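**Q** Next comes the sequence, and after it the predicted model I'd like to discuss.
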Amino acid sequence: MTTYFIETAKSGRAKCKKCKETLPKDALRIGTKAVDARFGPDKYTTTYNHPACFALPRKLGPVTPDQFVRDHLEDTTPDLVLSDETKRREIIEAIGSKKGGRKSEGMEKEEGEETPVSKRIREIKALLARQQEEEEPPTKKVKGGKLREEVEAMKIYQKMTNERLKDVLRWNLGYGMTGTKDVLLLRCIDGHVNGRLARCPSCFKGHLQLCDNDAGETVKCGGYFDEDMSVRVPCSYQVKSSGAIRLQPWYYEEPTEEEKEEMKAITEKHVANAGGSSGKADDIPSELIKAVENIDWPDTSSLAGKKEAAKLMVEICRTAIDIPDDEKKATMGIGKIIVNNPNASANEILEHVVKEYGIKELKKAASATQKDAMATSCKCAANAPIVQVLKELGELYFKEGNSNAGATYTKAVNAIMGLNFEITEDNAKLLASKGKNGLKVDGIGKGTADKIHEFLSSGKIEKLEEKRQLAA
């Protein structure tokens with residue numbers, strides 16, 4: 001089995017397999033570890049490449065640099081560079097550069113040929129030049145509302161330096177700041193016309209990104225880094241740019257400190273509501289606030305006081321907050337919050353509990369939003385519930401440190417999203433079958449097919465229920 005990993009060069013003696021240049025000590029390099037049949041089935045050799053010299057392996061099929069980094073590249077660097085969104089994007093763009101050999105699908109180009117992004121920017125600039133040469137009123141010069149707005153935005157951004165464009169992207173939160181000037185221009189114009197991209201409605205935490213291989217016509221999520229578990233959790237969400245969630249305002253001049261705080265608050269509230277959780281006092285149901293104000297909150301400086309406070313909070317939160325059904329687990333969880341916040345009032349503890357567990361109604365709405373997002377990403381919308389449960393199962397495996405199992409379900413999710421037929425109870429097990437009547441789908445093995453059948457026949461997956469209980 002061949003594995004791929006990114007690390008920092010340990011000695012400065014190894015050379016890049018492609019360009020033959022020495023890889024300096026502490027420089028980032030991509031390693032390929034593969035069986036060397038010359039020395040036996042259990043003997044491996046390792047080769048190294050600069051990220052920009054690394055060619056996407058043909059054995060993986062039509063994979064994009066983003067997909068390769070997300071699904072196949074193990075991060076073994078001391079500071080986990082792939083968890084840093086900016087560095088991660090730089091590595092992805094380096095792998096997709098011309099130097100790296102085989103390009104991702106949609107990004108291949110011969111010498112002198114334009115990338116989709118460059119072509120799009122050239123078209124907008126050409127329309128702007130034509131508009132400036134003509135004498136008609138601006139509203140008549142360019143047909144199409146969005147295109148007209150893009151031309152007007154180009155007037156603002158085209159003379160900005162790369163550093164200035166990066167400043168604009170940084171002010172507006174969440175956009176990658178690497179790439180050519182055309183890539184930076186496209187991101188700024190897109191945000192100016194449509195609003196800044198919100199967080200992913202599927203995983204609730206990943207940053208949405210414009211796809212360069214279709215000049216921003218599509219938006220996708222690259223997953224997110226779970227800081228509590230120190231692991232990157234992939235996400236397969238993808239949608240047409242016109243259907244992506246956007247936030248306002250967008251700033252092309254540096255916002256004031258007050259405006260920055262307001263924008264940050266808007267983003268934080270969106271993230272909290274998207275995932276069904278909130279720690280803001282104005283989002284907590286009023287009946288809970290009244291209930292807390294009317295209780296006799298014990299002195300939590302003693303162990304007995306902490307236990308009594310935890311039981312009281314469980315009773316108050318049971319109906320509206322998504323705390324564990326198991327009384328013991330709920331009491332222990334809230335008790336831990338009280339221990340970690342020894343001087344907090346009852347109202348402050350309530351805010352912490354809501355932030356930790358989420359409001360039931362908000363989480364119900366978030367689940368519906370996620371299901372809609374999955375349906376948008378699937379070629380066959382009817383398969384969205386299957387994608388939703390397998391995605392959750394994969395994320396739980398990633399969070400417990402089992403990246404192999406997590407990757408298995410990520411591959412299955414990607415495969416199902418691309419299917420143009422509905423998976424049913426009758427054909428579910430055939431997805432892993434190569435027989436005469438089989439529907440063998442790459443990325444779906446027997447175990448996964450059995451779980452899909454279990455879900456379609458019973459409405460749940462026992463393994464998922466088990467993982468949910470462990471994570472609660």
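**A** Nice, I can see it. Numbering: from 1, shown residues only.
**Q** Which residue, neighbours along the chain excluded, lies closest to residue 284?
**A** Computed as Cβ to Cβ, 6 or more residues apart in numbering, the closest residue to residue 284 that is not its neighbour in sequence is residue 354, at 5.5 Å. For the C-beta atoms, the positions are set from N, CA and C on the backbone; glycine is no exception.
**Q** Output the helix or strand hosting that neighbour in PDB with nothing but the alpha carbons.
**A** Element membership for residue 354 (DSSP states H and E) is helix 346-357. Provided in PDB are the C-alpha atoms of helix 346-357 (Å, rounded to 0.1, in the frame of the first residue of the first chain):
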ATOM      1  CA  ALA A 346     -26.300  30.500  37.600                       C
ATOM      2  CA  ASN A 347     -27.100  32.600  34.500                       C
ATOM      3  CA  GLU A 348     -23.400  32.400  33.400                       C
ATOM      4  CA  ILE A 349     -23.500  28.600  33.900                       C
ATOM      5  CA  LEU A 350     -26.600  28.400  31.800                       C
ATOM      6  CA  GLU A 351     -24.900  30.300  29.000                       C
ATOM      7  CA  HIS A 352     -22.000  27.800  29.100                       C
ATOM      8  CA  VAL A 353     -24.400  24.800  29.100                       C
ATOM      9  CA  VAL A 354     -26.200  26.200  26.000                       C
ATOM     10  CA  LYS A 355     -22.900  26.900  24.200                       C
ATOM     11  CA  GLU A 356     -21.700  23.300  25.000                       C
ATOM     12  CA  TYR A 357     -24.900  21.400  24.100                       C
END
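**Q** Can you give the distance from it to the centre of its chain?
**A** 27 Å (Cα atoms, centre = their mean, to the nearest Å).
**Q** just stretch 219-226 next, same as before
**A** 1 Å.
**Q** any idea of the mean pLDDT in that stretch?
**A** The pLDDT scores in stretch 219-226 average 80.
**Q** Likewise for stretch 267-286?
**A** The model assigns stretch 267-286 a mean pLDDT of 66.
**Q** Can you pull out the low-pLDDT segments for the stretch 51-200 of the chain?
**A** 98-113, 135-145, 174 (pLDDT under 70).
**Q** for the stretch 201-350 of the chain, same thing?
**A** Ranges of the stretch 201-350 of the chain meeting pLDDT under 70: 227-231, 272-283.
**Q** try it again with 80
**A** Within the stretch 201-350 of the chain, the ranges that satisfy pLDDT under 80 run 205, 222, 224-234, 236, 268-283.
**Q** so what does the helix holding residue 354 touch, helix or strand wise?
**A** Under the contact criterion of 3 or more Cβ pairs under 8 Å, 6 or more residues apart in numbering; DSSP states H and E, helix 346-357 touches helix 286-293, helix 303-317, helix 327-340.
**Q** Please identify the deepest-packed of those.
**A** helix 303-317 (a mean of 18; mean count of other Cβ atoms under 10 Å).
**Q** Could you figure out how far that one is turned away from helix 346-357?
**A** Put simply, helix 303-317 runs at 70 degrees to helix 346-357, going by axes from the mean of the first three to the mean of the last three Cα atoms, to 10 degrees.
**Q** just to revisit the earlier point, isn't the residue nearest to residue 284 right up against residue 321?
**A** Yes - Residue 354 is in contact with residue 321 according to Cβ atoms under 8 Å; the separation is 6.1 Å.
**Q** Please name whichever of the helices and strands packed on helix 346-357 is nearest to residue 88.
**A** helix 327-340 (31.2 Å; Cβ to Cβ).
**Q** for the residue nearest to residue 23 when sequence neighbours are not counted, what are its contacts?
**A** For residue 23, ignoring the flanking residues on the chain, the nearest one in space by Cβ to Cβ, 6+ apart is residue 9 at 4.5 Å. Applying Cβ atoms under 8 Å, 6 or more residues apart in numbering to residue 9 gives the contacts 23, 24, 25, 26, 27, 28, 29, 48.
**Q** from those, which single one is nearest residue 433?
**A** The closest of these to residue 433 turns out to be residue 48 (Cβ to Cβ; 39.9 Å).
**Q** For residue 355, give its distance to residue 337.
**A** Between residue 355 and residue 337 the computed distance is 9 Å (Cβ to Cβ, to the nearest Å).
**Q** Show me where the chain has its strands.
**A** Using DSSP state E, the strands of the chain run over residues 3-8, 28-35, 44-49, 73-75, 196-197, 208-210, 218-221, 224-226, 231-233, 238-240, 246-247.
**Q** The third one pairs with which strands, parallel or anti?
**A** When pairing is defined by DSSP bridges, strand 44-49 lines up against strand 28-35 (antiparallel).
**Q** what's the burial count for residue 462?
**A** When neighbours are counted by other Cβ atoms under 10 Å, residue 462 registers 11.
**Q** quick one: it from residue 208, how far?
**A** From residue 462 over to residue 208 (counting by Cβ to Cβ), the distance is 33 Å.
**Q** if we can go back for a sec, rebuild the helices and strands packed on helix 346-357 as TSV, extending it with distance to residue 254.
**A** Output for the helices and strands packed on helix 346-357, formatted as TSV (distance: least, Cβ to Cβ, whole Å):
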stretch	distance to residue 254
helix 286-293	38
helix 303-317	42
helix 327-340	37
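**Q** Relative to residue 466, which of the contacts of residue 9 is nearest.
**A** The shortest approach to residue 466 among those belongs to residue 28, at 38.4 Å (Cβ to Cβ).
**Q** Could I get the contacting residues of that closest one?
**A** 6, 7, 8, 9, 50, 51, 77, 81, 91.
**Q** Equivalent analysis for residue 120, please.
**A** 186, 215, 216.
**Q** Rebuild the residues you listed as a markdown table, extending it with neighbour count and distance to residue 123.
**A** Listed next are the contacts of residue 120 as a markdown table, based on neighbours: other Cβ atoms under 10 Å; distance: Cβ to Cβ, whole Å:
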| residue | neighbour count | distance to residue 123 |
| --- | --- | --- |
| 186 | 24 | 11 |
| 215 | 22 | 9 |
| 216 | 20 | 12 |
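**Q** Which ones among these map onto helices?
**A** Among the contacts of residue 120, the residues falling in helices (DSSP state H) are residue 186.
**Q** so can I have a markdown table of the contacts of residue 120 showing distance to residue 349?
**A** Listed next are the contacts of residue 120 as a markdown table, based on distance: Cβ to Cβ, whole Å:
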| residue | distance to residue 349 |
| --- | --- |
| 186 | 47 |
| 215 | 50 |
| 216 | 45 |
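**Q** between the contacts of residue 120, which is closest to residue 255?
**A** Closest to residue 255 out of the contacts of residue 120 is residue 186 (21.7 Å), distances taken as Cβ to Cβ.
**Q** Right, I'll call it a day here.
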